[in-house]
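Just need the structure, nothing else, for what follows:
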Amino acid sequence: MSLFAIPYPAIDPIVFQAGPLAIRWYSLAYICGLLFAWRYMLHLAARSPDVASHEDVDDFLIWATLGIVLGGRIGYTLFYNFEYYAANPLVILQIWKGGMSFHGGVLGVIFAGLVFVKRRGISPLRFADIVACATPVGLMLGRLANFVNGELFGRVSDVPWAMVFPRGGSEPRHPSQLYEAVLEGLVLFIVLAVLSKNKTICKRPGVLLGVFLLGYALARTTVELFRQPDAHLGALAAGLTMGQWLSLPMAVSGIYLIISNNKKV
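This is a model prediction of the structure:
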């Protein structure tokens, strides 16, 4: 064990419990992330009232919640551990124990969003831009919850800030959850917040969405170099992890949106 390993701050994953009712950091992260996204989307929509009304944003919160939860869980089941969940289907319902795929959540929100904007007659790309700007904070909170749960930790390392995770054996590891919280969450949020104030970019629907998709893909692909691959998956084709492969189409889509939406409307 490295002499410089930082003790892992063991935090009870349950924030509050009253009898059978337990509030966990993991679920609290989702709740706070959604509430922040709702308020921030209202703020962005107020800048451009023609994009969506206050009522539209309020109603979309329910659609987004369903898209994230259902898409995230189904995505994790299909992408990461299909054989296990196929043999234990009731375990799929135990989302409080973790096991959510961000890429699946994205697909869930995209599907829910497309149905929503079609019903409301809203511009898909312009609405997607404000959704994208509000998403990183939820990602940051989710990664912090992963850290609290001591899951999705990094590879063995001797960096001074390495930690010994209870589920990761006796060797110090990268706190990769914190890397993701910073890159996918804080940094990406700041970048999008700055770009969203640029009048030229705001006249190009889809660019902010493209920046989000590309930014997330780059952050996730980078952090995967430090994150311990899932034991039952390991490295896949070309030595890439599942997270990197799933990020590839996001990067391609992001680049396409940034390049193609270069006309003012």
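
tell me the strands in the protein, going along the chain?
Counting by DSSP state E, the chain has strands at residues 14-18, 21-24.

Let's have these in JSON lines, adding mean neighbour count.
Where C-beta positions appear, they are placed from N, C-alpha and C, glycine not excepted. Listed next are those as JSON lines, based on neighbours: other Cβ atoms under 10 Å:
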{"stretch": "strand 14-18", "mean neighbour count": "11"}
{"stretch": "strand 21-24", "mean neighbour count": "14"}
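
Serialize those strands to a markdown table and add fields for mean pLDDT and distance to A237.
Output for those, formatted as a markdown table (pLDDT from 0 to 100; distance: least, Cβ to Cβ, whole Å):
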| stretch | mean pLDDT | distance to A237 |
| --- | --- | --- |
| strand 14-18 | 82 | 39 |
| strand 21-24 | 80 | 35 |
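
want to throw those strands into a markdown table with distance to G185?
Output for those, formatted as a markdown table (distance: least, Cβ to Cβ, whole Å):
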| stretch | distance to G185 |
| --- | --- |
| strand 14-18 | 20 |
| strand 21-24 | 19 |
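
Could you list the low-confidence segments of the stretch 51-200 of the chain?
95-98 (pLDDT under 70).

mind listing the helices in it by residue range?
Using DSSP state H, counting those that start in this stretch, the helices found in the stretch 51-200 of the chain span residues 54-79, 82-87, 102-120, 124-149, 176-180, 188-195, 199-202.

what's the closest of the ones you listed to I23?
helix 124-149 (12.0 Å; Cβ to Cβ).

how much space between the nearest residue to G168 once chain neighbours are set aside and R220?
Spatial nearest neighbour of G168, chain neighbours left out: F153 (4.9 Å); criterion: Cβ to Cβ, 6 or more residues apart in numbering. Relative to R220, F153 is positioned 16 Å away (Cβ to Cβ, to the nearest Å).

check contacts around F116.
If a contact means Cβ atoms under 8 Å, 6 or more residues apart in numbering, then F116 has 59-60, 63, 122 as its contacts.

repeat that with 10 Å
By Cβ atoms under 10 Å, 6 or more residues apart in numbering, the contact list for F116 reads 52, 56, 59-60, 62-64, 67, 109, 122, 124, 127.

And for L209?
Residues in contact with L209, defined by Cβ under 10 Å, 6+ apart, are 124-133, 135, 192, 253-254, 257-258, 261.

follow-up on the earlier one: hmm, which two among the contacts of F116 are most spread apart?
By the measure Cβ to Cβ, I62 and P124 form the most distant pair in the contacts of F116, at 18.4 Å.

how distant is stretch 101-113 from the center of its chain?
Remark: stretch 101-113 is offset 10 Å from the chain centroid, using Cα atoms, centre = their mean, to the nearest Å.

Then stretch 213-221?
11 Å.

Stretch 21-36 too?
Distance of stretch 21-36 from its chain centroid, counting by Cα atoms, centre = their mean, is 14 Å.

doesn't V252 make contact with S260?
No. Applying Cβ atoms under 10 Å, one finds S260 not in contact with V252, separated by 12.0 Å.

per-residue pLDDT, Y216?
What the model reports for Y216 is a pLDDT of 96.

again with the one 5 residues further on
The confidence metric pLDDT takes the value 95 at T221.

Could you verify my assumption that it touches M250?
Yes. Contact criterion Cβ under 10 Å: T221 and M250 qualify, at 9.5 Å.

May I see the buried residues of stretch 204-215?
204-215 (16 or more other Cβ atoms under 10 Å).

Tabulate these (JSON lines), appending distance to E180.
JSON lines is the format used below for these (distance: Cβ to Cβ, whole Å):
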{"residue": "R204", "distance to E180": "28"}
{"residue": "P205", "distance to E180": "28"}
{"residue": "G206", "distance to E180": "25"}
{"residue": "V207", "distance to E180": "24"}
{"residue": "L208", "distance to E180": "21"}
{"residue": "L209", "distance to E180": "20"}
{"residue": "G210", "distance to E180": "21"}
{"residue": "V211", "distance to E180": "18"}
{"residue": "F212", "distance to E180": "15"}
{"residue": "L213", "distance to E180": "16"}
{"residue": "L214", "distance to E180": "16"}
{"residue": "G215", "distance to E180": "12"}
